[in-house]
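Asks: fold the following for me, if possible:
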Amino acid sequence: MSTVSAILERKGSMVLSVKSEDSVFDAISLMAEVNIGAVLVQEDDTISGIFTERDYLQKIVLQSRSSKETPIGDVMTSPVISAEPTDSIKQCMETMTTCRCRHLPVVQDGKVLGMVSIGDLVKRLLNEKESEIEQLNQYITGSY
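Replies: Coordinates of the predicted model:
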C-alpha cells in the first residue's frame, strides 16, 4: 500500500492558508474560489489551526454569527491532527475515522508539505485495487 507522499507527488503540494485575524468571510471566499473544503490557519510557517466547511456550519451559521466580523482564530479547529509523508493510506483513513475529519495536513519536521482529503485517499485506494485486479486477471489468463 502506498504512502501519503505518493498522493502528494501526483496531487501537488499547494496548501492555501489564512491568518487567525482574517475574517471567516475571507476564508470561505478563498475556499469557494478554489473549490476546496478546508484551509490551514498559519502564523508565519506554524500551523495554529484548520478551518473547514463543517466549522463554518457549526460555528458560524448555526450560531448566527457574522462571517464578515468573526475572525478565523475564534472558530478554527485546534490543535490540528496531521499526517507524516511516510504514513500509509490505511493509517490516514483510520486517523480520519477516529478524529471525524476529512482533511489532514502532511507535515514533516514542522514543515507543511501538503494536504490530503478523504477523497484523495479513497481515489488512490481505488486505483490501487483496480491495478491489483488487473494484475490478477492477467495472471489467471496467462497474459502477464
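Asks: rest of the way, CA atoms for contacts and neighbours
Replies: Will do.
Asks: host element of the residue nearest to Pro85 when sequence neighbours are not counted?
Replies: Spatial nearest neighbour of Pro85, excluding adjacent residues (Cα to Cα, 6 or more residues apart in numbering): Ser5 at 4.7 Å. Taking DSSP states H and E as the definition, one finds Ser5 inside helix 4-11.
Asks: by contact count, what packs against that helix?
Replies: Helices and strands touching helix 4-11, by 3 or more Cα pairs under 8 Å, 6 or more residues apart in numbering; DSSP states H and E, are strand 111-117, helix 118-141.
Asks: run the chain-centre distance for it.
Replies: In terms of Cα atoms, centre = their mean, to the nearest Å, the centre of helix 4-11 is set 12 Å apart from its chain centre.
Asks: quick check: buried residues in that helix?
Replies: Val4, Ser5, Ile7, Leu8 (16 or more other Cα atoms under 10 Å).
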